[in-house]
Each structure stands twice: as structure tokens, then as C-alpha cells.
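Peer 1: The following comprises the amino acid sequence and a computationally predicted model.
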Amino acid sequence: DLPSMMGQGMRISLVLASLLLVAPAPDRRRGCPEGDSLRNRVSQEGKQALERAADAYQECAHRSPGDASILNNLGVALDALGRHDEAALTLSQAVSLDPSTHQSHAALAGALASSGRCAEAITRLEDALSIAGTHGYAD
């Protein structure tokens, strides 16, 4: 029926939106070794900075257990490092501690989508949109 088809279409749109957030852009600068070298250096420096940030958030999480914002930031850093399962676990803890924060739900959706858990990602995106709308962030 039409309502269930529309619901399925919405779910597909949400999954696609989450995948766009985590999918790398294609490399369109073929044949530019100087640019590639600089980009790779920046990428490596960025990865090292993310690793330091994750380490710092991990230390803060040990000092302040139960702080959802610290766990959210740790989860985002872990996800950016490609540690999607660890990120999903950490972000799940943040959501459990503060289920009213749409950012944690959205970040969890991204980590779940990155680890191939699309059905769970859809649920978290729906939660994030619902919470954001409740707080006046979504139209």
C-alpha cells in the first residue's frame, strides 16, 4: 500500500543520506603527484591528530564516567578513524546516558551505516530527526 511504500522510501532516503555523510569523495585529481603528495601528508597528519583526540577523549571518559558529551566526541573521533564498531559501542553508551541529544543519535547512525548495519542506522536517523524536530532544529 501507498503509506508503507512512502515509509520505505523515507527509510531508503535516510540510509542514502547517512551514506553520503560517510562515503569518501572520488579522487578526481589524477596525474598530479604534487597535489597527491600534499593531500596524503595532510591526511596522515589529520589521522594522527584524530588519534591524539581519541586518546584524550578516552582519558577524559575515564576521569568523568557517565559524561555523554565526552563519549559522543570519542565516538565521533573513533568513527573518523575507521573504528566503526568501537565507535558504535561508544556512541550507544552516549545515547543511553542522554537519549535527548539528536547529535549522538545521528553520529551513531553514521557509525552503524559505516559498519554495514543499515537497518539500525535507519532507526537512529529517524530518532535523530524526531528529537531534532522536538527541539526545533528540523523543519
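Peer 2: Arrived safely, thanks for sending. Residues are numbered from 1 along each chain as shown.

Peer 1: mind checking how far residue 41 is from residue 52?
Peer 2: Taking C-beta to C-beta, to the nearest Å as the measure, residue 41 falls 17 Å from residue 52. C-beta: built from backbone N, CA, C; applies to glycine.

Peer 1: repeat for residue 88
Peer 2: Distance from residue 88 to residue 52, by C-beta to C-beta: 22 Å.

Peer 1: pLDDT-wise, which helix or strand of the protein ranks last?
Peer 2: helix 2-22 (a mean of 49; mean pLDDT, DSSP states H and E).

Peer 1: Residue 70 contacts residue 60, correct?
Peer 2: Yes - if you go by C-beta atoms under 8 Å, residue 70 and residue 60 touch, sitting 4.9 Å apart.

Peer 1: which of the two has more neighbours?
Peer 2: Each of residue 70 and residue 60 has its neighbours counted (other C-beta atoms under 10 Å); residue 70 has more, 22 against 16.

Peer 1: and after the helix or strand hosting that one, which helix or strand comes next?
Peer 2: According to DSSP states H and E, residue 70 maps onto helix 68-80. Counting by DSSP H and E, the next helix or strand C-terminal to helix 68-80 is helix 84-97.
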